[in-house]
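> Quick one: sequence plus predicted model below, questions after.
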Amino acid sequence: GESVGLHLPTLSVQEGDNSIINCAYSNSASDYFIWYKQESGKGPQFIIDIRSNMDKRQGQRVTVLLNKTVKHLSLQIAATQPGDSAVYFCAESPNTGNQFYFGTGTSLTVIP
Amino acid sequence: GAGVSQSPSNKVTEKGKDVELRCDPISGHTALYWYRQSLGQGLEFLIYFQGNSAPDKSGLPSDRFSAERTGGSVSTLTIQRTQQEDSAVYLCASSLIGRGYEQFFGPGTRLTVL
């Protein structure tokens, strides 16, 4: 399988601050990248995706940055809220429709 | 239904027994995925069904694991002769064809093998 890893297993931020979660991938042929959020006791939930022909994509309070040169992906969460506390997974795939390979995850804790 | 459902939510079994885990995908989703998540770990891909095509079984860890999808809807993951290392949360997800980046996950089945 593919190698997808995360730089930091845990991250704690103050409520209202911005959060940055990082992810490294190893397959330069990967074409699709996604971020999922998993709250305790629940299945992962899709957050945002980005294709390899893009460097940046924005959603609601979230921004994903892709640096293909160093094979690095990041998720930025603006004005982090307590409800953002969860484990965040990045995943990559060589195509759009088939299986994705998930990393270990980063546990984000938001301190009120 | 409104989302992906899985049953049972929890399953405790003895080593050596067989177990069946069920997944009901979102209506209209022809792609279905099974993953395994061990404690504190990421999602390990197991198997992928896409419409009527042959499933991608490349992630199944051993021949004790098998899965089927009947009528293009409900899927069953079967683990034969369970081992303690099979203990994990088994997650099912579904998506529209070609939109595998947007998978909708069920709540998972927590399997404990004693």
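Sure thing, it's come through. Keep in mind that what you see is a predicted model, and the values were worked out from it rather than measured.
> Please count neighbours and contacts with C-alpha atoms only from this point.
Noted.
> Output the lowest mean pLDDT helix or strand found in the chain.
In the absence of a named chain, this looks at chain A. Lowest mean confidence among the helices and strands of chain A (mean pLDDT, DSSP states H and E): strand A:4-5, at a mean of 54.
> look at chain B instead
strand B:43-50 (a mean of 90).
> What is it packed up against?
strand A:101-102, strand B:31-37 (3 or more Cα pairs under 8 Å, 6 or more residues apart in numbering or on different chains; DSSP states H and E).
> need those in CSV with mean neighbour count and distance to A:Ala29, can you?
Shown next, in CSV, are these (neighbours: other Cα atoms under 10 Å in any protein chain shown; distance: least, Cα to Cα, whole Å):
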stretch, mean neighbour count, distance to A:Ala29
strand A:101-102, 24, 13
strand B:31-37, 25, 22
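> Quick check: residues of chain B near chain A?
B:33, B:40-45, B:48, B:91, B:97-108 (Cα under 8 Å from any Cα of the partner chain).
> Now, of those residues, which are buried?
Neighbour-count burial (16 or more other Cα atoms under 10 Å in any protein chain shown) applied to the residues of chain B next to chain A gives B:33, B:42-45, B:48, B:91, B:97, B:100-108.
> What residues sit buried inside stretch A:45-58?
In stretch A:45-58, residues buried by neighbour count (16+ other Cα under 10 Å) are A:45-52, A:56.
> so what pLDDT did the nearest residue to B:Arg69 once chain neighbours are set aside get?
Leaving aside its chain neighbours, B:Arg69 sits nearest to B:Ser75 (4.2 Å; criterion: Cα to Cα, 6 or more residues apart in numbering or on different chains). Looking at B:Ser75, its pLDDT is 96.
> what's the distance between B:Ser75 and chain A?
17 Å (Cα to the nearest Cα, to the nearest Å).
> do the same with B:Thr109
In terms of Cα to the nearest Cα, B:Thr109 sits 10 Å off from chain A.
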